[in-house]
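J.: Sharing a model that was predicted from the sequence below.
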Amino acid sequence: MTFHKNLIDGEWIGESKVPNINPSDTNDVVGEYASAGLEEAKAAIAAAKAASHSWARSGILERHAILRKTADEIMARKEELGRLLSREEGKTLAEGIGETIRAGQIFDFFAGEALRLVGEIIPSVRPGIGVEITREPVGVVGIITPWNFPIAIPAWKIAPALCYGNTIVFKPAELVPGCSWAIVDILHRAGLPKGVLNLVMGKGSIVGQAMLDSPDINAITFTGSVGTGKRVAAASIEHNRKFQLEMGGKNPFVVLDDADLSVAVESAVNSSFFSTGQRCTASSRLIVTDGIHDKFVAAMTERLKGLVVDDALKPGTHIGPVVDATQLKQDMDYIEIGRQEGAKIAFGGERLDRETPGFYLQPTLFTEATNAMRISREEIFGPVASVIRVKDYEEALAVANDTPFGLSSGIATTSLKHATHFKRNAEAGMVMVNLPTAGVDFHVPFGGRKGSSYGPREQGKYAAEFYTVVKTAYTQA
Ligand code: ADP
């Protein structure tokens, strides 16, 4: 079996091996991956620091060419990488390939951005003096990623970091090292100088913590749980470093009486259950007005009966397994909590056995839920959603906003008035009208409000806010 090592200062190194297990079939080992210790983490940080000065001064054409080459190779290998992704994470093959294409598009976008770096020249208020405003790299960027988007999230952090001239210490999630290793390998072969991109697969409590504790990391971009996000924040304040957090969601999807029923059902099924509900933009609160409530629940139940839950790589599978045993237990615990809180299960709620041993769970729809229940307030991160009945649009909006989170918020309606009002008043970073709450473009800003996110937006041109620092220079001619 191939042993995939860490990349530190341009060398592949590592001794301790961890198996990468397929959640659709726990007998299937995807590969063996290195698990770094504290010394390797420190070496990676030192390498990134040493490479930082010269990479900050690298030519934009060099950065463009490396990002462009990476995009091309990801696109050319989309089937293979998409298969690897589905095998290690458990989303369906179509979703795995789709996510891989998206990673390619992100590298392509930032390859272009490297050629479009601009500043501003502004007259000073003092005659005879000129003012230049430019963007410079931050320095060493620490990248910590979660397991649910094994290639897209690393791509949307690595590509802008390199584009704007930063060096990187990259720690992927323990459960899905495969895709991260593959893109680091591609970038390395595309010609990155040594030390510019360092891969340190390993434990959050060791490698991640070493990154948080290091004064030599100038910025940390993190996607993951609220608890770890708070540690990143506290440690970053201590070191006066920039940080960006993308954490949980409890995204609402409102369905109004005037909605097109099939648009509402398709958007809700996609939002709540595709990718096994394991998306921070997934919708777990379906807020439905009285007049359409019963029709909506009946149509949802009918639609859920037709969904196939099986091995992520099998043709015909709509929903793959949950990512691992810990996550499955969390999902089952919340299903039990929902029952005890008095919500009714309209569909699902049970574990499933398939040909291979895997973490299969029925998509689960609760009805008669209230917004005060724990299943409506806490992020479950699985294929579990609750229908909350409301009397009208005003109540729907109030319930949608009554949450500690604020990532994505959706509505199904044919009313221009309500759609417009919702777009203006939803307390979320992203708003979707007649679309699922999940599924976003790669070239526009991504991020949330309230307890979901902190710091500048990711992706698109807005990514420059995080990956650069602004300098204002005055010259007297
Ligand atoms: P999830 O519940 O999605 O696994 P986590 O916040 O635990 O969310 O994990 C997200 C990322 O944060 C992973 O790469 C994980 O290894 C990392 N991580 C976990 N603990 C720490 C820590 N103490 N310091 C830094 N990173 C950590």
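T.: Structure's in. What do you need? Numbers count the residues shown, from 1 in each chain.

J.: and the gap between the nearest residue to K391 once chain neighbours are set aside and the ligand?
T.: With sequence-adjacent residues excluded and distances taken as Cβ to Cβ, 6 or more residues apart in numbering, K391 is closest to D290, at 5.5 Å. For every residue, glycine as well, the C-beta is placed using N, CA and C. Distance from D290 to the ligand, counting by Cβ to the nearest ligand atom, to the nearest Å: 36 Å.

J.: start the count at 786, not 1, going forward
T.: Renumbered: residue one is now 786, and that last one reads D1075.

J.: from memory D1075 sits against R1174, does it?
T.: Yes. Contact criterion Cβ atoms under 8 Å: D1075 and R1174 qualify, at 6.5 Å.

J.: Mind checking which of the two has more residues around it?
T.: More neighbours surround R1174 than the other of D1075 and R1174, with 20 against 12 (other Cβ atoms under 10 Å).

J.: so that one sits in a strand?
T.: Yes. Under DSSP: H, G, I helix; E, B strand; the rest coil, R1174 falls within a strand.

J.: Now do the same contact list for it.
T.: Shown in contact with R1174 (Cβ atoms under 8 Å, 6 or more residues apart in numbering): V1073, T1074, D1075, H1078, T1152, E1153.

J.: cool, and A896?
T.: R848, H849, A850, L852, R853, T855, A856, C948.

J.: who are the neighbours in contact with the fifth one?
T.: Think R853. F892, D893, A896 are the contacts of R853 under Cβ under 8 Å, 6+ apart.

J.: And the fourth one, by the same measure?
T.: With contact set as Cβ under 8 Å, 6+ apart, L852 has these partners: F892, D893, F895, A896, A899, A944, L947, C948.

J.: Is the fifth one in contact with G844, as I believe?
T.: Read it as A899. No. Shown here, A899 and G844 do not form a contact pair, counting by Cβ under 8 Å, at 9.4 Å.

J.: neighbour count winner among these two?
T.: Between A899 and G844, A899 has the larger neighbour count (other Cβ under 10 Å), namely 24 against 9.

J.: circling back to that earlier point, of the contacts of R1174 - the most surrounded one?
T.: The contacts of R1174, ranked by neighbours (other Cβ under 10 Å): first place V1073, 27 neighbours.

J.: Show residues contacting whichever strand or helix holds that residue.
T.: Following DSSP states H and E, one finds V1073 within strand 1068-1074. Applying Cβ under 8 Å, 6+ apart, the contact partners of strand 1068-1074 are 1035-1042, 1053, 1056-1057, 1062, 1081-1082, 1085, 1154, 1156, 1160-1161, 1164-1165, 1169-1178, 1181, 1184-1185, 1188, 1193, 1195, 1221-1223.

J.: The next helix-or-strand element following it: how far from the chain's middle?
T.: Following strand 1068-1074 in sequence order, the next helix or strand is helix 1075-1090 (DSSP H and E). With Cα atoms, centre = their mean, to the nearest Å as the basis, helix 1075-1090 stands 30 Å off its chain's centre.

J.: So which bits of helix 1075-1090 are buried?
T.: Residues I1077, H1078, K1080, F1081, V1082, A1084, M1085, R1088, L1089 are the ones in helix 1075-1090 that count as buried (16 or more other Cβ atoms under 10 Å).
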